[in-house]
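Q: structure for the following, please:
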Amino acid sequence: MLELAILGFLYEAPLHGYELRKRITALTGHVRPVAESTLYPAIKRLEKAGWLARETRPGAVAAPRHVLQLTPEGRSELERRLAEPARGEITDENRWFTLLAFLRHLPGAGAQADVLRRRLGFLEEPASFFYEGERPLRAEELDDPFRRGILTIARATSRAEITWLRATLRELGENR
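A: Residues are numbered from 1 along each chain as shown. As a prediction, the model looks like this:
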C-alpha cells in the first residue's frame, strides 16, 4: 500500500521526499507510520521500475531538493492497481482506505463503480471476528462486553459504509 500511496500522491503533483512522507503519514500514519527507512527504498524500487523520475531543483533556503514525479508508465501502473486491486486491498480496512483515497484517479465511472461493487459485495457477506464452529457470531450472542463492543462498532461502521457505497454507486451510474 506504500507504493500505491506514493504513486497516488505523485499522480496529483510532483513532490520532494519529505513532503511525500508527510502526506503518506497523514493518510496512514495512525495505523502504519512511515519511516524514512521504509519510504526511500520504496521510492528507489519505483524509480527502478521506471514509474518515477527524480529531478534536482534548487532549495529555497538550503541544499537542493530532489523532486519526484510520476512518469507516464507510473500513471498507467497506478491506474492498473486501482482497477485491479487484490482481494486484501478490498477486505482490509486500512488498505481499502488507501485505495479509496486515490480511486478518483481511475478513469471512468464504470471502472470506479466496479471497484466499489467489489467492496460492497465483501461487506454484504456474513462475517464476524468471532465464530462458533463455522457460524459467525453476532454481538447479541456474546457475553464478553469487549468482544460485543468490537462487533457492535464494526456493524455500525459497515452499515455506514454500505449506505455510502450504495449512494455513490447510484451517483456514478448517473454520471456514466
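
Q: tell me the mean pLDDT over stretch 57-64?
A: The average pLDDT within stretch 57-64 is 72.

Q: ends of that stretch, what's the gap?
A: With CA to CA, to the nearest Å as the measure, stretch 57-64 spans 6 Å from end to end.

Q: contacting residues for the residue lying closest to residue 152 once chain neighbours are set aside?
A: In space, and not counting its chain neighbours, residue 152 is closest to residue 139: 4.7 Å by CB to CB, 6 or more residues apart in numbering. C-beta here means a position set from N, CA and C on the backbone, and glycine is covered the same way. Neighbour list for residue 139: 148, 151-152, 155 [criterion: CB atoms under 8 Å, 6 or more residues apart in numbering].

Q: tell me how far residue 139 lies from residue 105.
A: Computed as CB to CB, to the nearest Å, the residue 139 to residue 105 distance reads 37 Å.

Q: does the most centrally placed residue in the chain sit in a helix or strand, and which one?
A: The centre of the chain sits closest to residue 98, judged by CA atoms, centre = their mean, with a distance of 1.5 Å. Secondary structure assignment for residue 98, by DSSP states H and E: helix 93-102.

Q: what's the domain layout of the chain?
A: As assigned by automatic domain parsing, the chain contains the domains 1-84, 108-176.

Q: distance from the last one to the middle of the chain?
A: The chain centroid and the centroid of domain 108-176 are separated by 17 Å under CA atoms, centre = their mean, to the nearest Å.

Q: which SS class is residue 85?
A: coil (DSSP: H, G, I helix; E, B strand; the rest coil).

Q: surely it is in contact with residue 115?
A: Yes: the pair residue 85 and residue 115 passes the contact test of CB atoms under 8 Å, sitting 6.4 Å apart.

Q: any common contacting residues for these two?
A: residue 99.

Q: circling back to that earlier point, my guess is the residue nearest to the centre of the chain contacts residue 4. True?
A: Yes: counting by CB under 8 Å, residue 98 does reach residue 4; the two are 5.8 Å apart.
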